[in-house]
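Asks: Sharing a model that was predicted from the sequence below.
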Amino acid sequence: MSEEFFENDLLEELAAHYVIKRRKPGGVTAQELADKIGSMSAARRVLKMKEEQGELYFEEVIENGHPMKVWYKRIS
């Protein structure tokens, strides 16, 4: 006998095992930085460059039901 899963059952099963990270204070998203400097591509370049230099790191979080990257300064 096979167990049948309906879509809601599957979503509940996935949600039960998925850890939702919440945003910590002090971080910035690419969109927030783009709003300040005027360009999404420039914001992404800056974030990537700062990450490669070891100044920033990112965490993936869920905000308003959507996954996104939030960038934080590394503490030396």
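Replies: Now that the structure is in, tell me what you want to look at.

Asks: what's the neighbour count on the closest residue to Met40 other than its chain neighbours?
Replies: If the residues on either side of it in the chain are set aside, Met40 comes closest to Ala34, at 4.2 Å by CB to CB, 6 or more residues apart in numbering. For glycine as for every other residue, the C-beta is placed from the backbone atoms N, C-alpha and C. For Ala34, the count of nearby residues is 18 (other CB atoms under 10 Å).

Asks: Validate this expectation: Ala34 resides in a helix.
Replies: Yes: secondary structure of Ala34 (DSSP: H, G, I helix; E, B strand; the rest coil): part of a helix.

Asks: Model confidence for it, exactly?
Replies: pLDDT recorded at Ala34 is 96.

Asks: so Tyr57 is in which element?
Replies: Element membership for Tyr57 (DSSP states H and E) is strand 56-63.

Asks: Who are the packing partners of that strand?
Replies: Strand 56-63 sits against helix 40-52, strand 66-73, with contacts defined as 3 or more CB pairs under 8 Å, 6 or more residues apart in numbering; DSSP states H and E.

Asks: Tell me the gap between the first one and the middle of its chain.
Replies: The offset between the C-alpha centroid of helix 40-52 and the centroid of the whole chain comes to 15 Å, using CA atoms, centre = their mean, to the nearest Å.

Asks: The last one now?
Replies: For strand 66-73, the distance between its averaged C-alpha position and the chain's averaged C-alpha position is 4 Å (CA atoms, centre = their mean).

Asks: coming back round to it: partner strands of the strand holding Tyr57 and their direction?
Replies: Sheet pairing here is set by DSSP bridges, and for strand 56-63 it gives strand 66-73 (antiparallel).

Asks: residues of the strand it pairs with that come out buried?
Replies: For strand 66-73, burial by neighbour count (16 or more other CB atoms under 10 Å) applies to 70-71.
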